[in-house]
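**Q** Please work out how this folds:
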Amino acid sequence: MVENINRNVDIYENEQFKKRLKIFLMINIIIGIVFAITKKYIYLNTVFYTIWLIIITMVIGKYKNVLKAL
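**A** Next up, the predicted model:
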């Protein structure tokens, strides 16, 4: 449970978040490759949109942090 959405995370927590994000993205990519090989394009689109949504929200978050630092 998050006590405060805007709280700063320490180095250990940040590394854990990065590790879990990498694992999640790798699993998504592997599942996407499996769907591409088996020609399940409807499911492949869902995986593709999920990855793009994650990337877009990460970019927006970084941009927000840059603006916040100014």
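
**Q** buried set for the lowest-mean-pLDDT helix or strand in the chain?
**A** In the chain, the helix or strand scored least confidently by mean pLDDT, DSSP states H and E is helix 41-69, which has a mean of 87. Of all the residues in helix 41-69, those buried under the rule 16 or more other CB atoms under 10 Å are Leu44, Val47. The way it works is simple: take the backbone N, C-alpha and C, and place the C-beta from them, glycine included.

**Q** Quick test: name the residue nearest the centre of the protein.
**A** Central residue of the chain (CA atoms, centre = their mean): Ile54, 3.9 Å from the mean position.

**Q** Who are the contact partners of that residue?
**A** Residues near Ile54 by CB atoms under 8 Å, 6 or more residues apart in numbering: Leu21, Phe24, Leu25.

**Q** Can you tell me which of those residues end up in helices?
**A** With DSSP state H as the criterion, helices contain Leu21, Phe24, Leu25 from among the contacts of Ile54.

**Q** I'd like those as a markdown table, with distance to Thr50 appended.
**A** Formatted as a markdown table, the ones in helices among the contacts of Ile54 follow (distance: CB to CB, whole Å):
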| residue | distance to Thr50 |
| --- | --- |
| Leu21 | 13 |
| Phe24 | 9 |
| Leu25 | 10 |
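
**Q** about what we covered before: among the contacts of Ile54, which one sits closest to Gly61?
**A** Leu21 (11.8 Å; CB to CB).

**Q** Give me the distance between the closest residue to that closest one other than its chain neighbours and Ile60.
**A** Distance criterion CB to CB, 6 or more residues apart in numbering; nearest residue to Leu21, sequence neighbours excluded, is Ile54 at 7.8 Å. The gap separating Ile54 from Ile60 is 11 Å, by CB to CB, to the nearest Å.

**Q** Ok, Glu13 next?
**A** As judged by CB to CB, Glu13 and Ile60 stand 21 Å apart.
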